[in-house]
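A.B. asks: build me a model from this:
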Amino acid sequence: MRRISFIIAGIFLALSIGSAVVLTRPPRIQVVGSLSPSDLAQIQKLARGELRYWILPKPDWDNVHHLNYVVRKVREYEAVRILWMDVKPDGSVEVFAGVSKEAIRSEGHAMTLRKQPNWQITGYGYWGFSNVAPHDMHIPPPQ
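C.D. replies: I've put the predicted structure just below:
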């Protein structure tokens, strides 16, 4: 009897994890302009890596004593997502990331990338107040 309950619990756990993975797919990123799928994938990978570098704490023994800080930064990283990419006439791409389009003016991240011959991040900025957000930032309407 006990063995059957473990099997049922294992099946339930596997189904729960499987449905959570399927239902929490990353949202589609809005692209203003046109990018090839391979360019989009490369830019997305670079942007996520840059966000990871700036948001997540560096491995350090001191973090063992400040676990609340580490947990808070991990949650912040999980909440931030790439909101949209803006392809400029010169071929560069600006990537905007934040919690949501509604909150991007008060806190967000912006990256500029250029292809030379591979995509590279040529600029990065973070703002935590609306008075220091990029003044020329145009938030595109939802698709």
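A.B. asks: for the one residue sitting closest to the centre of the chain, name its beta-bridge partners.
C.D. replies: Nearest to the geometric centre of the chain sits residue 81, at 3.1 Å (CA atoms, centre = their mean). According to DSSP bridges, the partner residues bridging residue 81 are residue 98.
A.B. asks: thinking it is in contact with residue 97, fair?
C.D. replies: Yes: taking contacts as CB atoms under 8 Å, residue 81 lies within contact range of residue 97: 6.4 Å. Every residue, glycine included, has its C-beta placed from N, CA and C.
A.B. asks: what's the neighbour count on residue 55?
C.D. replies: 17 (other CB atoms under 10 Å).
A.B. asks: should've said residue 69
C.D. replies: By other CB under 10 Å, 12 other residues sit near residue 69.
A.B. asks: doesn't residue 58 make contact with it?
C.D. replies: No: between residue 69 and residue 58 no contact is recorded; they are 11.8 Å apart, counting by CB under 8 Å.
A.B. asks: where do the strands of the protein begin and end?
C.D. replies: 30-32, 81-87, 93-98, 108-115, 119-127 (DSSP state E).
A.B. asks: buried deepest among the ones you listed, which one?
C.D. replies: Of the strands of the chain, the one with the most neighbours on average (mean count of other CB atoms under 10 Å) is strand 93-98, at a mean of 22.
A.B. asks: wait, residue 39 touches residue 114, no?
C.D. replies: No: in this structure residue 39 lies outside contact range of residue 114 using CB under 8 Å: 11.6 Å.
A.B. asks: can you pull the pLDDT of the closest residue to residue 100 other than its chain neighbours?
C.D. replies: Excluding its sequence neighbours, the residue lying closest to residue 100 (CB to CB, 6 or more residues apart in numbering) is residue 83, at 7.4 Å. We have a pLDDT of 94 for residue 83.
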